[in-house]
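# Give me coordinates for this.
(one chain, ligands or ions: 2)
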Amino acid sequence: MSHIAASERVDTFDYVIFGATGDLTMRKLLPALYRRFAAGQVPDDARIVGTARSPLDDKAWRERARQALGEHVNDADSSVVDRFLAMLRYVSLNGADANAHWDGLRSLLDRDDRVRVFYLATAPALYGDIARNLDAKGLRTETSRIVLEKPIGTDLDTARRVNEDVGRYFPENSIFRIDHYLGKEAVQNIIALRFANPMLERMWDRQSVDYVQVTAAETVGLEGRGGYYDGSGALRDMIQNHLLQVLTVVAMERPVSLDADALRDEKVRVLASLKPLDRDDLGASVVRGQYVEGTSGGKAVPAYNDELDGEAPSRTETFVALRAEIDNARWRGVPFYLRSGKRLPRKLTEIVVQFRATEPGLFGDGHPGSRLVIRVQPDASVTLPLFVKHPGNGFALEEADASSRLDPGAAGGFQDAYEGLLLDAVKGNPALFVRKDETEAAWAWVTPILEAWQRDEGGPDAYEAGTWGPASARHMLQREGHAWAEDAAA
Ligand SMILES: NC(=O)C1=CN([C@@H]2O[C@H](COP(=O)(O)OP(=O)(O)OC[C@H]3O[C@@H](n4cnc5c(N)ncnc54)[C@H](OP(=O)(O)O)[C@@H]3O)[C@@H](O)[C@H]2O)C=CC1
Ligand SMILES: O=C1O[C@H](COP(=O)(O)O)[C@@H](O)[C@H](O)[C@H]1O
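Ligands and ions are numbered 1, 2, ... in the order given. Sure, this is the predicted structure:
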């Protein structure tokens, strides 16, 4: 998948970040680049060029970056920070404006022989204009890549438009649509677990699997991102991209290799096989919720609408649970339950593969099937308990824990998903980025849900902050004799 070991130094590069003063750059991109620099992977003569409209100079941007590293890197070394900051340059520029002062950026990018990465950490509405300007100003070289942050559009039509606009100036193999869930160690590990363990590989289908759950639960609320989030909601913010990407990795067929297109060909087939949710299915298969006041981390927290402080009450969903089915020979009939929400009881991203129960008789009333749990965060791990006999007389069964900790921060690993992905863009390895057809296939499945919600006069079901979402999410599984992992464990 990655052709260069995590510890190897990459070729030198110019990384140009549009949106250099924004939250994403400060919280994720600069800390990730710093960590790779501190790990010795980034050559000292590489350059990181920040651009935004704000009239800063190098010194002022470096000061903001120093502060961000202080806040978001807990083991930053001040002498390494100084060397890292020396690589940073800033150009004040409105990337969407063809008449802006592009000469400043052009004079900095004077080495056509270096890999150039343009990272668009701005509103997606600007992507087409920025791509056009980069091309028109002669800044796009043969080895340039353009990294696009999510969301790519807000529905199928707008996603197609973004893809077309950027695709007019950059060939598809140079467009890197980032989905940071694909950079997570435990998500990549699904591929190893499935295809390096023949026992699991043979049981990975509708004969053996009863159902699959993917949960991405967050304790946080709006975090000052209300302007963006209220126009988005949980379906667009988490399900269309991160959770559907995880689903593709869980459900895809064995790829012929770990090369980018082999993997992405299989992933897109899964998306194309998702059974469309028609109007009649929607009520039974999709639940949306919005938090009202409650408790989070032992503190009282306000309702979404109070946090948002808008003029009129918002109908935006902060929680979604849905039942997907993959209409192919391997998975037909197996429910894939996906859910994500804000202000849930704990931060937890987890995949549960529930295997079918044993035949009744031998050990009493039948026995629950085994359950593979892939914990993505926090504390990434894989757990597959085996049932063994309790010592002593009789055949009472108990679980013998068989779990492995996956330590993303171990030597050669990454503390944050962005670290590997940012350098994959330099290396030109798109395996863990989302191809155009994948984005569009995911939107094609999600858009009818958004349209149905728009027509629907009702709104999201209320849930108390600090709980696992509205009761309707639990009922959706109960109707099929299933339960969310935390209910089953209770
Ligand atoms: N923050 C996050 O955790 C995540 C963000 N994203 C996505 O990343 C992108 C950025 O998000 P975020 O950092 O939160 O947003 P912010 O609003 O914090 O930052 C936006 C940045 O874009 C700059 N900008 C705005 N207009 C222009 C322009 N015309 N030319 C150049 N720069 C411009 C702003 O600076 P200035 O005003 O000075 O021009 C600022 O630096 C969005 O697409 C978002 O959806 C995706 C996942 C997570
Ligand atoms: O993309 C996003 O992801 C974060 C959650 O990411 P994680 O790595 O912490 O699980 C989410 O908070 C945010 O709303 C969304 O835009």
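# Spell out which parts of the stretch 51-200 of the chain neighbour ligand 1.
Proximity of the stretch 51-200 of the chain to ligand 1 (C-beta under 6 Å from any ligand atom) is limited to residues 51-54, 94-96, 121-124, 126, 149-151. For the C-beta atoms, the positions are set from N, CA and C on the backbone; glycine is no exception.
# Buried among those residues? Need that as a selection in PyMOL.
For the buried members of those, the matching PyMOL selection, counting by 16 or more other C-beta atoms under 10 Å, is:
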select buried, resi 51+52+94+95+96+121+122+124+126+149+150+151
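# residues near whichever residue of the stretch 1-150 of the chain sits closest to ligand 1, how many?
Across the stretch 1-150 of the chain, the shortest distance to ligand 1 (C-beta to the nearest ligand atom) belongs to residue 22, at 2.3 Å. Around residue 22 there are 18 other residues, counting by other C-beta atoms under 10 Å.
# Report the separation between it and residue 126.
Shown here: residue 22 relative to residue 126, a distance of 12 Å by C-beta to C-beta, to the nearest Å.
# Tell me the confidence at whichever residue of the stretch 201-350 of the chain sits closest to ligand 2?
In the stretch 201-350 of the chain, the residue that lies nearest ligand 2 is residue 237 (4.8 Å; C-beta to the nearest ligand atom). With respect to pLDDT, residue 237 scores 96.
# Residue 487 now?
With respect to pLDDT, residue 487 has a value of 75.
# Contact partners for it?
468, 474, 477 (C-beta atoms under 8 Å, 6 or more residues apart in numbering).
# Spatially nearest residue to the closest residue to ligand 2 within the stretch 1-150 of the chain (excluding sequence neighbours)?
Using C-beta to the nearest ligand atom, residue 150 is the residue of the stretch 1-150 of the chain that sits closest to ligand 2, at 6.3 Å. Among residues not flanking residue 150 along the chain, residue 241 sits closest, at 5.2 Å (C-beta to C-beta, 6 or more residues apart in numbering).
# quick one: the one you found and residue 151 touch, right?
Yes - assessed by C-beta atoms under 8 Å, residue 241 is found in contact with residue 151 at 7.1 Å.
# hey, what's in contact with both of those two?
With C-beta under 8 Å, 6+ apart, residue 241 and residue 151 have no common neighbours.
# Now do the SS call for residue 375.
strand (DSSP: H, G, I helix; E, B strand; the rest coil).
# since we're on it, how many residues are nearby?
Other residues near residue 375 number 19, with proximity taken as other C-beta under 10 Å.
# Low-confidence stretches in this protein?
For the chain, the stretches with pLDDT under 70 are 1-7, 365-366, 408-412, 489-490.
# most centrally placed residue in it?
By C-alpha atoms, centre = their mean, the mean C-alpha position of the chain lies nearest to residue 181, the distance being 3.1 Å.
# Could I get the full set of strands for the stretch 351-490 of the chain?
If DSSP state E, counting those that start in this stretch is used as the criterion, the strands of the stretch 351-490 of the chain fall at 371-377, 381-383, 386-389, 397-400, 403-405, 461-464.
# List, one by one, the residues from the stretch 201-350 of the chain near ligand 2.
Close to ligand 2, as judged by C-beta under 6 Å from any ligand atom, the stretch 201-350 of the chain has residues 216, 218, 237, 349.
# would CSV of the contacts of residue 487 with neighbour count and distance to ligand 2 be doable?
CSV is the format used below for the contacts of residue 487 (neighbours: other C-beta atoms under 10 Å; distance: C-beta to the nearest ligand atom, whole Å):
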residue, neighbour count, distance to ligand 2
468, 23, 17
474, 17, 23
477, 20, 22
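# how about residue 162, what does it touch?
Neighbouring residues of residue 162 by C-beta under 8 Å, 6+ apart: 124, 127-128, 148, 152-153.
# Report the secondary structure element holding it.
Assessed by DSSP states H and E, residue 162 sits inside helix 156-167.
# Show me which positions of that helix end up buried.
Those buried within helix 156-167 under the rule 16+ other C-beta under 10 Å are 156, 158-163, 166-167.
# Looking at the residues of the stretch 201-350 of the chain next to ligand 2, which is nearest residue 314?
residue 237 (14.0 Å; C-beta to C-beta).
# sorry, back to before: same list, the contacts of residue 487, but as JSON lines with distance to residue 245 please.
What follows is those, written out as JSON lines (distance: C-beta to C-beta, whole Å):
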{"residue": "468", "distance to residue 245": "23"}
{"residue": "474", "distance to residue 245": "25"}
{"residue": "477", "distance to residue 245": "22"}
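# Okay, and which of those residues map to helices?
With helices taken from DSSP state H, the overlap with the contacts of residue 487 comprises 474, 477.
# Can you lay out the contacts of residue 487 as a markdown table showing distance to ligand 1?
Formatted as a markdown table, those follow (distance: C-beta to the nearest ligand atom, whole Å):
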| residue | distance to ligand 1 |
| --- | --- |
| 468 | 24 |
| 474 | 29 |
| 477 | 29 |
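# what comes up buried for stretch 222-235?
By neighbour count, with 16+ other C-beta under 10 Å as the criterion, the buried positions of stretch 222-235 are 222, 226, 229-230, 232-235.
# Contacts only, for the residue of the stretch 351-490 of the chain found nearest ligand 1.
Across the stretch 351-490 of the chain, the shortest distance to ligand 1 (C-beta to the nearest ligand atom) belongs to residue 418, at 9.8 Å. Contact analysis of residue 418 by C-beta under 8 Å, 6+ apart lists 28-29, 31-32, 180, 183.
# got it, and residue 144?
For residue 144, the residues meeting the contact criterion (C-beta under 8 Å, 6+ apart) are 115-118, 134, 170, 174.
# Buried among these? Make that a PyMOL selection.
The following PyMOL line selects those of the contacts of residue 144 that are buried, judged by 16+ other C-beta under 10 Å:
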select buried, resi 115+116+117+118+134+170+174
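# out of the contacts of residue 144, who's nearest residue 404?
Proximity of the contacts of residue 144 to residue 404 (C-beta to C-beta) peaks at residue 117, which lies at 34.4 Å.
# I'd like to know which elements the host helix or strand of that closest one is packed against.
Residue 117 belongs to strand 115-120 when assigned by DSSP H and E. Other helices and strands packing on strand 115-120, by 3 or more C-beta pairs under 8 Å, 6 or more residues apart in numbering; DSSP states H and E, are strand 13-18, helix 127-136, strand 144-148, helix 417-427.
# what inclination does the shortest one have with respect to strand 115-120?
Counting by axes from the mean of the first three to the mean of the last three C-alpha atoms, to 10 degrees, strand 144-148 lies at 20 degrees to strand 115-120.
# ok, now the last one?
Between the direction of helix 417-427 and that of strand 115-120, the angle (the same axes, to 10 degrees) works out to 130 degrees.
# which residues does residue 201 contact?
Taking C-beta under 8 Å, 6+ apart as the test, what residue 201 contacts is 194-195, 254.
# Buried members of the residues you listed into ChimeraX, please.
Buried residues among these (16+ other C-beta under 10 Å), as a ChimeraX selection:
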select :194
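# Name the residues linked to residue 397 by a beta bridge.
residue 389 (DSSP bridges).
# wait, isn't residue 402 in contact with residue 387?
No - under the criterion of C-beta under 8 Å, residue 402 is not in contact with residue 387, lying 10.8 Å apart.
# out of these two, which sits in the more crowded spot?
For the pair residue 402 and residue 387, the greater number of neighbours falls to residue 387 (15 against 11), based on other C-beta under 10 Å.
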